[in-house]
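Trainee: Whatever this is, show me its structure:
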Amino acid sequence: MDQKKLVIISDTHGDNRVIDQVIAKEEPFDYLIHCGDSETSLKRYFESPERFTFLAVQGNCDFRGGLPLIINERIMFYNVLITHGHHENVKYGNHDLLEIGERNRADIILFGHSHVPEIVNEGSILMINPGSPTYPHGGSRERTYAVLTLTDDYDRIAQIRVIP
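Mentor: Numbers count the residues shown, from 1 in each chain. Coordinates of the predicted model:
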């Protein structure tokens, strides 16, 4: 069975040590995806293509630019849309995010911005917010990221994981 493991992180706000901590905990994996608000250089992660594919979008606190606002990536046979979520008003619900996903024929939407982890199925679209490993919001205040395993049997296994 062929499968791909995606590690999803967002809202690290200048703390690359937490990214390194997640990498060390989850390796090996196929993709590391940052959903914005890194607030620091991510250059060294882009320079490790032999270890994993790195994808990152710009968040509302990323003022250096250079990163796209939205990425549409084909992973296996899934259309994966990656955005930070601030332009889609995710702090007020997922309606705008879902609309953009539908327009882009997304199977999976990965986003951040709210710092609150969630895994939501809306019809055929799986939406994942990994929360924040540095500044969590919401009820539990746990430092979180997400792992998504995609299989050629059409399984989409999503988990929110906690950094101790």
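Trainee: Now tell me which helix or strand of the chain has the poorest mean pLDDT.
Mentor: Considering only helices and strands, the least confidently modelled element of the chain by mean pLDDT, DSSP states H and E is helix 43-46, at a mean of 92.
Trainee: Can you classify the closest residue to F29 other than its chain neighbours by secondary structure?
Mentor: Counting by C-beta to C-beta, 6 or more residues apart in numbering, K5 is the residue found nearest to F29 once chain neighbours are left out, at 4.1 Å. Where you see a C-beta, it was placed from the backbone N, CA and C, and this is true even at glycine. On the three-state scheme (DSSP: H, G, I helix; E, B strand; the rest coil), K5 is labelled strand.
Trainee: residues near K5, how many?
Mentor: Using other C-beta atoms under 10 Å, K5 is surrounded by 16 other residues.
Trainee: all helices for this structure, in order.
Mentor: For the chain, applying DSSP state H gives helices covering 16-26, 43-46, 95-103.
Trainee: of those, which approaches T149 most closely?
Mentor: For these, distance to T149 was read as C-beta to C-beta. The smallest value, 11.1 Å, belongs to helix 16-26.
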